[in-house]
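# From the sequence below, what's the structure:
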Amino acid sequence: MFQRVGQFPGYVVRETLDSPRYYEYYLATAEEDSSRWYNIIALSKELCGTAELRLCFQDACRRYSHIQMPGLIPLCELGLSRSQGAYAVYPYEWAHLSIGEMSQLAGKGGNTLSPAFFASVLRDAVNVLDEAYQRQLTHFSLIPPYILMSQTGEVYVKGFVEAEMRRRFRFDSEMNEKFDTPEWRRHEAVSVESDVYSVGALLYQCITSEFQPDEWEPRWMGMMDVLNRSNIPGESLKIAIEFFHHTLAERPQQRFGSYRQLAQALEEIILAFGTYQPPEVRMDIMRGHFDDFPPVLTTESVEFRSDVINLITGDEACISVEVPSSDRNRSLHARGPESSETPVERSSGGDIVFEDTLTSPAIEGFETRVVHRSSNSFWTINSGLRTAVTISPAEVLARSRYQILDELGSGGTGTVYKVLDTILTEILALKVLRPELVSDAAWLQRFKRELKITRDLEHAYILPAYHLEQLEGLYFFTMRYINGKNLSQHLKESPLPLMMSLRLLIQVAEALVAAHDRGVIHRDLKPANIMIEADSFHPYLMDFGIASTMDMPCANIPGQGIGTPFYMAPEQSRGEPITVQADVFSFGVVCYECFTQRLPYNGSNAVAIYTAQMSGIFEPIRQINPMVPVSIAQLVESCLSPNPYDRPASMRVVLDGLGRMG
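Modelled structure (predicted):
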């Protein structure tokens with residue numbers, strides 16, 4: 001008998017596919033139709049406890065859901081369960097094999113997969129990555145389970161959501177580190193060249209059944225012998241060696257610079273190995289190795305849900321109506337505020353309707369049925385559930401004086417847009433508080449305080465903020481628009497010259513000194529929060545969303561981690577009362593990164609980063625960059641002490657030390 005192992009609205013879990021550290025994977029069927037199969041990925045409960053992680057997962061899913069193209073598995077629903085946390089639902093319409101599974105099958109039972117077979121599969125995968133990249137959907141974290149072939153021979157690429165989470169929070173792959181690119185192992189920025197490396201590594205592993213050599217390993221020079229023993233035609237060895245030298249190079253700059261160059265190189269490899277093997281040929285070769293689809297069912301057990309709230313994917317909408325708890329099993333049809341007691345039906349026009357029942361904490365004696373469907377509008381009767389409805393900022397702002405021109409970025413608390421003030425005909429930046437956080441008094445208070453703190457500081461190196469506004473339940477404030485990039489983006493592109501870095505850091509230090517003089521501790525200093533004007537290279541410190549002030553020394557939300565682990569002082573990680581030394585520590589990390597292109601303390605998760613910080617062990621700055629003056633290196637390294645009392649006493653002391661060289 002099947003047992004439900006998760007609480008997902010509208011689905012019966014048939015099997016737990018995998019439960020790694022960060023996610024849980026399930027195979028499920030629709031409750032109303034056991035012939036419809038789905039894959040469900042759920043963010044682990046531990047990660048869901050941190051708002052920034054949960055919201056990033058939901059954002060990544062929404063962005064992915066907007067891309068519809070061959071080679072991507074569509075995301076059909078995004079949800080939030082009190083028992084299981086945030087999750088996403090994908091259709092499971094066919095049996096499939098990953099490239100890792102196909103590699104393991106090679107040579108077994110008389111099934112010989114040629115190098116041309118694997119090169120053909122990877123070439124099709126690269127074409128998928130290229131088209132996704134053109135639509136602003138990036139991967140940069142390919143591992144064997146993410147490249148799939150269906151039983152019809154078509155190639156799919158998955159794992160885009162997991163890759164975005166990994167890039168942002170430095171999750172490890174939970175596989176052999178050889179599956180990681182050299183830049184990932186060095187904790188450097190990843191890019192298209194990272195996918196180039198991964199494709200080269202996968203092809204090498206599929207052909208040789210060995211991990212790829214690193215350029216610094218002695219095995220690098222023996223690559224030709226390994227390939228010669230792996231059914232590579234002798235006349236093709238030179239082409240193969242050149243291909244792997246241009247994909248597995250240690251430095252990204254020495255690899256192919258685009259997916260199209262990589263696809264062209266794979267086509268040359270295929271011709272050298274034999275011929276391109278299209279989907280119908282691959283299907284014929286792999287026939288008999290796929291699992292049966294759909295899986296055979298015997299019996300099932302459906303448990304009643306009582307603790308699930310659905311979220312909306314993309315443009316889907318939510319309709320909720322109140323029903324007396326005595327009518328718990330009565331079907332309802334939600335047509336609007338006046339129709340609270342008519343049967344639920346499949347909506348006209350082929351819209352898919354999912355329904356769920358939950359107990360509303362806001363209204364005693366009532367059950368609330370939440371129905372999700374594809375639509376461009378929504379109605380809600382229960383005001384207590386209004387926060388479960390995802391308000392579209394774009395739709396609300398379209399009715400305001402602000403015309404959205406572009407989305408500049410999205411974080412844990414909100415999204416920043418480039419807008420045109422149609423009344424003043426002025427370009428501004430506009431920050432919107434996430435609609436789902438509006439009902440949380442602590443988050444709303446933080447959002448208001450961010451504006452007030454920023455507006456009151458009035459400093460040349462602090463981004464000016466203007467007015468807070470509220471429209472149809474949406475909270476947002478306007479700021480000066482800066483035409484440029486943040487420091488994090490600059491560092492990913494190329495190292496900054498030493499004197500330019502020093503001048504910029506002095507200006508940021510001046511901004512922190514001004515904030516500290518007025519009793520404000522930033523608490524989230526990092527390169528992404530330093531905006532730099534393109535023409536003048538003038539920096540602006542921004543995002544005082546979790547700042548601490550004398551009148552409110554701690555703006556934490558109970559039970560949620562606040563800050564960015566790589567830049568957060570150890571005492572801040574412990575949740576202790578903090579002083580200006582917390583900003584001193586963060587400033588030291590930013591300086592270290594500017595001078596070395598590396599972070600002083602690394603780890604695969606927040607606990608590992610904290611452990612590294614408490615050790616106080618990092619590579620000295622001048623060992624990485626001898627051009628940094630001794631006095632500056634010593635000053636920055638003193639800022640990185642795990643004990644706040646061993647750091648400089650204030651940012652003014654740090655500023656004075658930097659000024660002697662600037």
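# ranges for the helices of the stretch 351-500 of the chain?
393-397, 441-457, 487-493, 498-517 (DSSP state H, counting those that start in this stretch).
# Just say which of those helices is most tucked in.
The highest average neighbour count among those, using mean count of other Cβ atoms under 10 Å, belongs to helix 498-517 at a mean of 20. To be clear about C-beta, it is placed using only N, CA and C from the backbone, and glycine gets the same treatment.
# Now the element after it, going C-ward?
strand 520-521 (DSSP states H and E).
# Okay, now the sheet partners of the helix or strand following that next one, with direction.
Where DSSP H and E defines the elements, the next helix or strand beyond strand 520-521 is strand 530-533. Here strand 530-533 has these sheet partners by DSSP bridges: strand 484-486 (antiparallel), strand 539-541 (antiparallel).
# Now render those as CSV, adding mean neighbour count.
Output for the strands paired with strand 530-533, formatted as CSV (neighbours: other Cβ atoms under 10 Å):
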stretch, mean neighbour count
strand 484-486, 18
strand 539-541, 24
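# among the ones you listed, which gets the worst mean confidence?
With a mean of 94, strand 484-486 has the lowest mean pLDDT of the strands paired with strand 530-533.
# Just send the helices of the stretch 351-500 of the chain back as TSV, with distance to Thr415 too.
Formatted as TSV, these follow (distance: least, Cβ to Cβ, whole Å):
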stretch	distance to Thr415
helix 393-397	7
helix 441-457	12
helix 487-493	17
helix 498-517	24
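# Nearest to Arg21, out of those?
helix 487-493 (25.9 Å; Cβ to Cβ).
# Which elements pack onto the closest one?
strand 530-533, helix 580-596 (3 or more Cβ pairs under 8 Å, 6 or more residues apart in numbering; DSSP states H and E).
# What is the distance between the first one and the centre of its chain?
When distances are taken as Cα atoms, centre = their mean, to the nearest Å, strand 530-533 is centred 23 Å away from the chain's centroid.
# Same question for stretch 402-411.
With Cα atoms, centre = their mean, you get 18 Å for stretch 402-411.
# related to what we said a few turns ago, need the strands paired with strand 530-533 in CSV (columns: distance to Ala429).
Below are the strands paired with strand 530-533 laid out as CSV (distance: least, Cβ to Cβ, whole Å):
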stretch, distance to Ala429
strand 484-486, 11
strand 539-541, 11
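# circling back to that earlier point, put together CSV for the helices and strands packed on helix 487-493, with mean pLDDT and mean neighbour count on each row.
Shown next, in CSV, are those (pLDDT from 0 to 100; neighbours: other Cβ atoms under 10 Å):
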stretch, mean pLDDT, mean neighbour count
strand 530-533, 96, 20
helix 580-596, 96, 25
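# need those in JSON lines with distance to Thr478, can you?
Below are these laid out as JSON lines (distance: least, Cβ to Cβ, whole Å):
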{"stretch": "strand 530-533", "distance to Thr478": "15"}
{"stretch": "helix 580-596", "distance to Thr478": "26"}
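# Out of those, the one nearest Arg449 is which?
Here helix 580-596 is closest among these (Cβ to Cβ), at 17.0 Å.
# Output the contacting helices and strands for the next helix or strand after that closest one.
Beyond helix 580-596 on the C-terminal side, the first helix or strand identified by DSSP H and E is helix 606-615. If you count contacts as 3+ Cβ pairs under 8 Å, 6+ apart, helix 606-615 packs onto helix 570-573.
# Kindly export the helix it packs on (C-alpha atoms) in CSV.
Provided in CSV are the C-alpha atoms of helix 570-573 (Å, rounded to 0.1, in the frame of the first residue of the first chain):
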residue,chain,number,x,y,z
PRO,A,570,30.9,35.6,14.0
GLU,A,571,29.2,37.4,16.9
GLN,A,572,26.4,38.4,14.4
SER,A,573,26.1,34.7,13.3
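# hmm, who's touching it?
523, 561, 563, 565, 578, 581-582, 585, 606, 610, 613-614, 642, 644 (Cβ atoms under 8 Å, 6 or more residues apart in numbering).
# 7 Å instead?
For helix 570-573, the external contacting residues (Cβ atoms under 7 Å, 6 or more residues apart in numbering) are Arg523, Gly563, Pro565, Ile578, Ala582, Tyr610, Gln613, Met614, Pro642, Pro644.
# what does stretch 487-501 give?
By Cβ under 7 Å, 6+ apart, the list of residues contacting stretch 487-501 reads Ala189, Pro527, Ala528, Ile530, Ile532, Glu593, Cys594, Phe595, Gln597, Met627, Val628.
# Give me the residue ranges of the stretch 451-600 of the chain where confidence is low.
550-562 (pLDDT under 70).
# hmm, back to that, relative to Tyr540, which of the helices of the stretch 351-500 of the chain is closest?
Across those (criterion: Cβ to Cβ), the nearest stretch is helix 498-517, sitting at 8.1 Å.
# So for Glu101, what's the pLDDT?
85.
# which parts of stretch 175-188 are buried?
Neighbour-count burial for stretch 175-188, counted by 16 or more other Cβ atoms under 10 Å, picks out Phe179, Asp180, Thr181, Pro182, Glu183, Trp184, Glu188.
# Please apply the same query to stretch 30-43.
Ala30, Glu31, Trp37, Tyr38, Asn39, Ile40, Ile41, Ala42, Leu43.
# Would you quantify the distance from the second one to Phe8?
Going back to what we said before, that points to Glu31. Distance, Glu31 to Phe8, using Cβ to Cβ, to the nearest Å: 9 Å.
# what is in contact with these two at once?
Counting by Cβ under 7 Å, 6+ apart, nothing touches both Glu31 and Phe8.
# circling back to that earlier point, out of the helices of the stretch 351-500 of the chain, which gets nearest to Glu193?
Here helix 487-493 is closest among these (Cβ to Cβ), at 12.2 Å.
# Please name the residues that touch the nearest residue to Ser586 once chain neighbours are set aside.
What sits nearest to Ser586 in space, not counting adjacent residues and going by Cβ to Cβ, 6 or more residues apart in numbering, is Leu525, at 3.9 Å. Counting by Cβ under 7 Å, 6+ apart, Leu525 makes contact with Tyr567, Asp583, Ser586, Phe587, Val590.
# and if we set it to 10 Å?
Leu525 makes contact with 508, 511-512, 515, 541, 543, 563-564, 567-569, 582-590, according to Cβ atoms under 10 Å, 6 or more residues apart in numbering.
# And for Pro115, the neighbour number?
24 (other Cβ atoms under 10 Å).
# From Leu78, how far off is the residue nearest to it when sequence neighbours are not counted?
Nearest non-adjacent residue to Pro115, counting by Cβ to Cβ, 6+ apart: Phe273, 4.5 Å away. Going from Phe273 to Leu78 by Cβ to Cβ gives 42 Å.
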